[in-house]
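Asks: Sequence first, predicted model second:
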Number of protein chains: 6
Amino acid sequence: MPVILFVEDEPSVQEFVKDALHEGGYDLTVSTSASEALTLLGGGVVKYRALVTDIHIDGEMNGWDLARQARQIDPTIPVIYITGAAADQWVSQGVPESVLLQKPFAPAQLVTAVSQLLNATVQKAGHSLPETKN
Amino acid sequence: MPVILFVEDEPSVQEFVKDALHEGGYDLTVSTSASEALTLLGGGVVKYRALVTDIHIDGEMNGWDLARQARQIDPTIPVIYITGAAADQWVSQGVPESVLLQKPFAPAQLVTAVSQLLNATVQKAGHSLPETKN
Amino acid sequence: MPVILFVEDEPSVQEFVKDALHEGGYDLTVSTSASEALTLLGGGVVKYRALVTDIHIDGEMNGWDLARQARQIDPTIPVIYITGAAADQWVSQGVPESVLLQKPFAPAQLVTAVSQLLNATVQKAGHSLPETKN
Amino acid sequence: MPVILFVEDEPSVQEFVKDALHEGGYDLTVSTSASEALTLLGGGVVKYRALVTDIHIDGEMNGWDLARQARQIDPTIPVIYITGAAADQWVSQGVPESVLLQKPFAPAQLVTAVSQLLNATVQKAGHSLPETKN
Amino acid sequence: MPVILFVEDEPSVQEFVKDALHEGGYDLTVSTSASEALTLLGGGVVKYRALVTDIHIDGEMNGWDLARQARQIDPTIPVIYITGAAADQWVSQGVPESVLLQKPFAPAQLVTAVSQLLNATVQKAGHSLPETKN
Amino acid sequence: MPVILFVEDEPSVQEFVKDALHEGGYDLTVSTSASEALTLLGGGVVKYRALVTDIHIDGEMNGWDLARQARQIDPTIPVIYITGAAADQWVSQGVPESVLLQKPFAPAQLVTAVSQLLNATVQKAGHSLPETKN
């Protein structure tokens, strides 16, 4: 099963998102800090297929910063931001081709967002993989 | 949970749609008449996140008219039309950025349509909310 | 319920896809050969709403060929390809407006892909049906 | 050359749009009333490839009504609305898959909008034409 | 005519872009520094309809930073980045719903990108303007 | 200027397309046979940014076959097909993410199609280029 990297330090949101993604058939690794998430992404032990991150996470780095650094490590990783109040910052702080979900959202909104981004990424990857041999 | 306003006077379709949306994690308010639905939308007690309406509903107003009036009350509300036979009228009677589902459809088609429209709307809202302060 | 035509000769993938599509509310007919699938499509007894096909299937015809011939029979049929290794051939061998899923994928990726393509097709069909009377 | 049907009763806007579309290589027929435009569309002497209409035109019918009736005659005709002040009515009064241009706009905006809609329509038509033989 | 804000300190690219946008019917204001551009955007004397910026501009702020700050001032402003070498940074440094043009590009690529983004923005604005009255 | 590879053996269409693309600021190399075009693409002396091909060209290979082989050489090359009569074959014979233009078309339709596909490709390339270093 594809593994999603999910960054969240609030237990109730953790549970909600875990249930939603498991229901859709995804595995996930939960991290409670942005810097740990970057270590996991950069480590390369698991190939994470998408990053789902809350905007407000404890530590020096918020979700906007995390996503920018994640895209430097893996330029094609789909990004889904979760937020209660910071939706209006997406246009200036979000990365291209990301999705923002504003709480409260239904489990199906998250599963659909993740699935759409993953389906699009596979085709871009297929699109460009042979490029690397040129 | 996000609340969907669903307008339908046929009990069997009511059940089918209720089950599908609940399965996706949505709450919904069912109304059996277009005029009641407009009253609910305009009342502002609940913030409805999407309108799902059958084309053929009892009363003076059909689903096409209802959606046009609903968009005058809430210009960004996602609209999903359900129909058995009137699919070919969508191009002339539908509102922009709406989705038409022709019966029979699978529960997942409805849930995907609602989720996609909601995800798109949140971002447009985030896109434009600060505009109002200018 | 809408019926999907699914072409696959590997039992484990058959089970996985059947469970995923049933969960989303779809019925499906499973065929283990491309030529049988074309007979079913051309027979017109059941109106298949989408074609889901593995790229590697036993017999003279692979999934790429099958999809091209299926589109000659039903030009609007949504096509979803499933593959383990041939993703990079999609850009040269795929048909327009198709989706490629690379294994491993989550059930929700398949259900979302099928639902999106079906929702889009209904509207194009509604868009063009009256055309036939001109 | 493809012929565009353009409905406008203000001479200065007529000139501007004519120049822009000619520059892009389009022919156009200019009509000053919605009812005349519908007669031309329904007459079938010329195959109009798109409808460009001002929202405010003299007579009983405005641009919103004209487009709805035009889509009943030709369900796939691309629609571009031009308006100075009525942009906020598009979400409730526009037809699906139409484009709204708010004055002032650059000639290139109109040419790009017309070209994009025409390119999309050709493919949908190719997509669905053989359907009519089933 | 719609006015575009264009930020570039290289005279040859200035000329090329000015000619391309004038040909498409756009007016433009050229600024050679990011901080001046932000002053112009924030001043509100002219309503700029899009921001076209080189990534490499003299001063403390590059094009990526400029666009983020511009979107804080005007959250719906379309952004087009121009770059010779930094195209691969777009996925981590770009803002959502922006376009990147890599040199060399044809004048028509720039005009099409600007026109598409403007056409999309007008409709989102129409979509959300009445929202502000709720 | 970006160079387009254009395959056409009919002199009048050659002239029309050359004028249209030059007007949009593109350079182009015209070839009258599919096999010559593949040699040029594979030779790698010039980096062609898009392939524009007629469906009916003299020789053993038609435009559909040419595009499939071109995508094997350059998986991200944008493809635009030109045809008078074969538009309905696009759904079964076209490659993914291609555009079909049916004659007669306006110069602006071709320029817009080429520009849109090029703008999209640059971003996908930027999206995936660093991938090759992983």
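Replies: That came in fine, so what should we check first? The structure displayed is predicted, hence computed values, not measured ones.

Asks: angle of the strand or helix carrying residue A:19 against helix C:11-23?
Replies: Assigned by DSSP states H and E, residue A:19 belongs to helix A:11-23. Interaxial angle, helix A:11-23 versus helix C:11-23 (axes from the mean of the first three to the mean of the last three CA atoms, to 10 degrees): 120 degrees.

Asks: quick one: contacts for the residue nearest to the spatial centre of chain A?
Replies: For chain A, residue A:51 is the residue whose C-alpha lies nearest the centre (CA atoms, centre = their mean; 1.8 Å). Residue A:51 makes contacts with A:4-7, A:37, A:41, A:66-67, A:70, A:77-80, as judged by CB atoms under 8 Å, 6 or more residues apart in numbering or on different chains. For glycine as for every other residue, the C-beta is placed from the backbone atoms N, C-alpha and C.

Asks: can you map out the strands along chain A?
Replies: A:3-7, A:27-31, A:48-54, A:79-83, A:98-102 (DSSP state E).

Asks: elements contacting the fourth one?
Replies: Using 3 or more CB pairs under 8 Å, 6 or more residues apart in numbering or on different chains; DSSP states H and E as the contact test, the elements touching strand A:79-83 are strand A:48-54, helix A:63-73, strand A:98-102, helix A:107-128.

Asks: Sheet partners, orientation included, of that strand?
Replies: Paired neighbours of strand A:79-83 in the sheet (DSSP bridges): strand A:48-54 (parallel), strand A:98-102 (parallel).

Asks: average pLDDT across it?
Replies: What strand A:79-83 shows for mean pLDDT is 97.

Asks: Touching that strand from outside, list them.
Replies: Contacts of strand A:79-83 (CB under 8 Å, 6+ apart): A:8, A:13, A:17, A:50-56, A:63-64, A:67, A:70-71, A:90, A:94-95, A:97-103, A:105, A:110, A:113-114, A:117.

Asks: Can you tell me which of the residues you listed are buried?
Replies: Buried members of the contacts of strand A:79-83, counted by 16 or more other CB atoms under 10 Å in any protein chain shown: A:8, A:17, A:50-55, A:63-64, A:67, A:70-71, A:90, A:94-95, A:97-102, A:105, A:110, A:113-114, A:117.

Asks: contacting residues for the closest residue to residue A:69 other than its chain neighbours?
Replies: Closest residue to residue A:69 in three dimensions, ignoring its sequence neighbours and counting by CB to CB, 6 or more residues apart in numbering or on different chains: residue A:38, at 5.7 Å. Residue A:38 is in contact with A:66, A:69, A:70, A:73, counting by CB under 8 Å, 6+ apart.

Asks: now, which of the residues you listed sits nearest residue B:86?
Replies: Nearest to residue B:86 among the contacts of residue A:38, counting by CB to CB, is residue A:70 at 46.1 Å.

Asks: quick one, which of the helices and strands packed on strand A:79-83 is nearest to residue D:84?
Replies: strand A:98-102 (33.0 Å).

Asks: ok and the closest one relative to helix A:63-73, angle-wise?
Replies: If you take the same axes, to 10 degrees, strand A:98-102 sits at 160 degrees to helix A:63-73.

Asks: Any residues of chain A in contact with chain E? List them.
Replies: Within chain A, the positions near chain E by CB under 8 Å from any CB of the partner chain are A:68-69, A:71-72, A:75-76, A:88, A:90-98.

Asks: Give me the spatial nearest neighbour of residue A:72, chain neighbours excluded.
Replies: Per CB to CB, 6+ apart, closest to residue A:72 is residue E:92, 4.9 Å.

Asks: Actually, residue A:96.
Replies: residue E:94 (4.6 Å).

Asks: so who does that neighbour touch?
Replies: Taking CB under 8 Å, 6+ apart as the test, what residue E:94 contacts is A:95, A:96, E:64, E:67, E:79, E:81, E:100.

Asks: and the helices and strands packed on strand A:79-83 as JSON lines, adding distance to residue A:22 and mean pLDDT?
Replies: Output for these, formatted as JSON lines (distance: least, CB to CB, whole Å; pLDDT from 0 to 100):
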{"stretch": "strand A:48-54", "distance to residue A:22": "13", "mean pLDDT": "97"}
{"stretch": "helix A:63-73", "distance to residue A:22": "22", "mean pLDDT": "98"}
{"stretch": "strand A:98-102", "distance to residue A:22": "17", "mean pLDDT": "95"}
{"stretch": "helix A:107-128", "distance to residue A:22": "10", "mean pLDDT": "82"}
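
Asks: would you turn these into CSV with distance to residue B:29?
Replies: Shown next, in CSV, are those (distance: least, CB to CB, whole Å):
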stretch, distance to residue B:29
strand A:48-54, 29
helix A:63-73, 33
strand A:98-102, 20
helix A:107-128, 18
